[in-house]
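S.K.: Give me the fold of what follows.
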Amino acid sequence: MDSLMKLSRWALSAWAIALAAGLASCAPSTPPTDGGSPAAGGGTIAITGAGATAPNTLYQRWFSEYRQVKPNVQISYQSIGSGAGINQFLAQTVDFGATDDPIKDEDAAKFPKDRGTLIQVPTTGLFVVFAYNLEGVKDLKLSREAFCGIVDGSIKTWNDPKITKDNPGVNLPSSPITFVFRSDGSGTTAIFTNHLVAACPNWKAGAGRSIEWPIGQGAKGNEGVTAQIKQTPGGIGYVEFTYARENNIPMATIQNKAGEFITPTPEAASKALDGQKPGANFVIRVPDPEGKESYPIVSLTYVLLYGNYPAPKGSTLKDLFTWTLKEGKTAATELGFIPLPDSLVSEVVTKLGTVEEK
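M.R.: This is a model prediction of the structure:
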């Protein structure tokens, strides 16, 4: 994985993506590679997965497009949260799990021994934003002091001086702040709270998929938090970028470790991953990136696979995720995710090749 250290950018350049999209529109869909033709002939192959809500929009796009090239592969993905997805995977009620928070040792210890070796591989990069509902306010800036105070409850109203000082000329109301958090076991929460631990000196609630929040209202899934913010004047919460963008919810520009205010964009998020070297099971942790231009709340998201499957599911899953990594980069970029660099894709495909059929 040392080759990843040589990367200068994760996200593909704008011109390369435009070129790729243009070529794709003029050419037939590329068939899946690696894993043969598991869906050629015969009946329907049903694949089920469950877990992380953050990448759900991308997964649904990928699985729909894959169906166009492998018509008798039907993929059903339940967007139920990373914690629930891990539980279903360990209970063997789905063919793959999905999580934004790499599986913990205590969970991995419950992996069924007759299914070979647990396989965890990344699918894409993503980032978490502060989405908010303030009438007439479209360009909110939040310093670390400000957003740390919002989440720990020490800042209670929108016109608090710690917020207004970075927003001159913005008419911030005296109304109370309503913080919205995830009520379910969530990889998005793990990403967000790991950043709070690193960025907020007074944060006492720790980090993880589920924590005891000091204040606020809970909602289930990125979908639920998004809906709660939309219907709550004065609301603010954390969601994956595409949920805020697709629902036209404003996102705060936030201060990073270098002291710069960074607008949440895929380009700024990709800079947080520059030069990062994956550890065991492809884990990359950047709770508080150093880069001056880096958006600070960024992570990879992962799928969990069994080491062996009954035929033809093993070859189908290898083929599916190889296809998403290679042919799905344009969709990932269009939706606001961060495609994996080619060097890492190559390593992930090699790992996928270890899946066996019995």
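S.K.: So Thr178 versus Val94, what's the distance?
M.R.: Going from Thr178 to Val94 by C-beta to C-beta, to the nearest Å gives 35 Å. (C-beta placed from N, C-alpha, C; glycine too.)
S.K.: cool, and Lys257?
M.R.: Using C-beta to C-beta, Lys257 is found at 38 Å from Val94.
S.K.: Please apply the same query to Phe192.
M.R.: 25 Å.
S.K.: out of those two, which sits in the more crowded spot?
M.R.: Phe192 (25 against 22; other C-beta atoms under 10 Å).
S.K.: List the single closest residue to that one in space, sequence neighbours excluded.
M.R.: Using C-beta to C-beta, 6 or more residues apart in numbering and skipping residues adjacent in sequence, the residue nearest Phe192 is Tyr238, 4.6 Å away.
S.K.: Can you name the helix or strand that the one you found falls in?
M.R.: Assigned by DSSP states H and E, Tyr238 belongs to strand 235-240.
S.K.: Same question for Arg245.
M.R.: Using DSSP H and E, Arg245 sits in helix 241-246.
S.K.: so where is this protein shaky, pLDDT-wise?
M.R.: Across the chain, the ranges flagged by pLDDT under 70 are 1-42.
S.K.: ranges for the strands of this protein?
M.R.: Using DSSP state E, the strands found in the chain span residues 45-51, 73-79, 96-99, 119-132, 141-142, 178-182, 217-219, 235-240, 253-255, 261-262, 298-305, 308-309, 356-357.
S.K.: The fifth one pairs with which strands?
M.R.: Partners of strand 141-142 in the sheet, by DSSP bridges, are strand 253-255 (parallel).
S.K.: And stretch 334-348, end to end?
M.R.: Stretch 334-348 has an end-to-end distance of 22 Å (criterion: C-alpha to C-alpha, to the nearest Å).
S.K.: likewise stretch 244-258?
M.R.: Criterion C-alpha to C-alpha; first-to-last residue distance in stretch 244-258 is 25 Å.
S.K.: Just the buried positions in it, please.
M.R.: For stretch 244-258, a neighbour-count test (16 or more other C-beta atoms under 10 Å) marks Ala244, Arg245, Ile249, Pro250, Met251, Ala252, Thr253, Ile254, Gln255, Asn256, Lys257 as buried.
S.K.: Now do the closest residue to the third one other than its chain neighbours against Tyr238, distance only.
M.R.: It refers to Ile249. Counting by C-beta to C-beta, 6+ apart, Ala131 is the residue found nearest to Ile249 once chain neighbours are left out, at 4.4 Å. Distance of Ala131 to Tyr238, given as C-beta to C-beta: 7 Å.
S.K.: any residues in contact with both of these two?
M.R.: Common neighbours of Ala131 and Tyr238, using C-beta atoms under 8 Å, 6 or more residues apart in numbering, are Val225.
S.K.: Arg67: neighbour count?
M.R.: Arg67 has 14 neighbours, counted by other C-beta under 10 Å.
S.K.: neighbours around the closest residue to it other than its chain neighbours, how many?
M.R.: With C-beta to C-beta, 6+ apart as the criterion, Arg67 has its nearest non-adjacent residue at 6.6 Å, and that residue is Val73. Residues lying near Val73 (other C-beta under 10 Å) number 22.
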